[in-house]
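Visitor: Fold the following for me, if possible:
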Amino acid sequence: MNKILEVENLHFKYDKTQEVEQLSGVNFYVARGEWVSIIGKNGSGKSTTARLIDGLLEGFTGSVKIDNVLLSQENVWTLRKKIGMVFQNPDNQFVGATVEDDVAFGMENQGIARDEMKRRVDEALLAVNMQAFKSKEPARLSGGQKQRVAIAGMIALRPEIIILDESTSMLDPTGRDEMMRVIHEIKDKFKLTVLSITHDLDEAAHSDRIIVMNEGKIVQIAEPEVLFSSNKDMVEIGLDVPFTTNLMTDLERHGFDLPKAYMDETQLADQLAKRLKV
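Guide: So this is what the prediction gives:
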């Protein structure tokens, strides 16, 4: 297996004088090209984990390997080039006066040639369907459009790993679905690996694997179909059960014979349409 990210025995405290750890012995890997989601209630340690991987926090024990290279203070800036991070609030990432300037900013810092930079800006904006907004001010865009620009700025830098840190939490359901569609498209186009930090279980359900965190520890790693098949386990670790899982349970009580595997809303609607011959 080609592992692009490995986290081993990760321990971390924000306050070194306190006994309580924010992370306590975290272990997991992400294979190249995989989409892995980390879920958990507030304070579980999922965002802290993401920030340690990207080198935004230091002072941990354990190890983080990115593309088989051990993360350290000496190489953090080099390894960070392999990672693109999209945060919850895109306004915190904007620095350019126009969309085009903002997408180009990171490349200017890396000293990329102007012709190549212009080509990448156009390619990135086309990938997120924002090429018509090149000359617009980022502040005047909608929430979903701002996130697209943030994604464009990230993919223009050619990372190998995307970390989505609650990046859809401020969007409405339509914007969230559109954002996920865009991420899936650019993942396939640029052959990226995705690590998604999210509280949205329906979003996590589209992952290859899901990591569940609670109180700074990993309590389960499973494929969505396995994880969401047990309502009891989800409730015990303080998480909601996906809407479609609850709906499927209610439908089965009323005599509907449905597949046992987890289904999202579209898949469930298709199954019901077949049974009702709609």
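
Visitor: When you work out contacts or count neighbours from here on, use the C-alpha atoms and nothing else.
Guide: Will do.

Visitor: hey, where'd the strands end up in the stretch 101-250 of the chain?
Guide: Per DSSP state E, counting those that start in this stretch, the stretch 101-250 of the chain carries strands over the ranges 161-165, 193-197, 209-214, 217-222.

Visitor: so what does the third one touch, helix or strand wise?
Guide: On a contact count with 3 or more C-alpha pairs under 8 Å, 6 or more residues apart in numbering; DSSP states H and E, strand 209-214 meets strand 35-39, strand 217-222, helix 224-227.

Visitor: Please identify the buried residues of the shortest one?
Guide: By neighbour count, and taking 16 or more other C-alpha atoms under 10 Å as the criterion, the buried residues in helix 224-227 are 224-225, 227.

Visitor: Using a markdown table, lay out the residues you listed together with pLDDT and distance to N109.
Guide: Converted to a markdown table, those look like this (pLDDT from 0 to 100; distance: C-alpha to C-alpha, whole Å):
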| residue | pLDDT | distance to N109 |
| --- | --- | --- |
| P224 | 85 | 39 |
| E225 | 79 | 43 |
| L227 | 82 | 42 |
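
Visitor: Now render the residues you listed as CSV, adding distance to G84.
Guide: Below are the buried residues of helix 224-227 laid out as CSV (distance: C-alpha to C-alpha, whole Å):
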residue, distance to G84
P224, 25
E225, 28
L227, 28
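
Visitor: quick one: which of the residues you listed is nearest to G43?
Guide: L227 (20.6 Å; C-alpha to C-alpha).

Visitor: related to what we said a few turns ago, single out the most deeply packed of the helices and strands packed on strand 209-214.
Guide: Mean neighbour count (mean count of other C-alpha atoms under 10 Å) peaks for strand 35-39 among these, with a mean of 25.

Visitor: Mean confidence (pLDDT) on the helix or strand following that one, please.
Guide: Using DSSP states H and E, the helix or strand that directly follows strand 35-39 along the chain is helix 46-53. For helix 46-53, mean pLDDT rounds to 93.

Visitor: what's helix 46-53 packed up against?
Guide: Going by 3+ C-alpha pairs under 8 Å, 6+ apart, helix 46-53 lies up against strand 161-165, strand 193-197.

Visitor: nearest to R176, of the ones you listed?
Guide: strand 161-165 (12.5 Å).

Visitor: What would that closest one look like as CSV? C-alpha coordinates only.
Guide: The C-alpha trace of strand 161-165 is given here as CSV (Å, rounded to 0.1, in the frame of the first residue of the first chain):
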residue,chain,number,x,y,z
ILE,A,161,-3.0,16.3,-0.2
ILE,A,162,-6.0,18.5,0.5
ILE,A,163,-7.1,19.0,4.1
LEU,A,164,-10.7,20.3,4.4
ASP,A,165,-11.1,21.7,7.9
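
Visitor: got a list of contacts for that strand?
Guide: Contact partners of strand 161-165, identified using C-alpha atoms under 8 Å, 6 or more residues apart in numbering, comprise 47, 50, 82-88, 192-198.

Visitor: circling back: quick one: the helices and strands packed on helix 46-53 as a markdown table, columns for mean neighbour count too.
Guide: Shown next, in a markdown table, are the helices and strands packed on helix 46-53 (neighbours: other C-alpha atoms under 10 Å):
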| stretch | mean neighbour count |
| --- | --- |
| strand 161-165 | 23 |
| strand 193-197 | 25 |
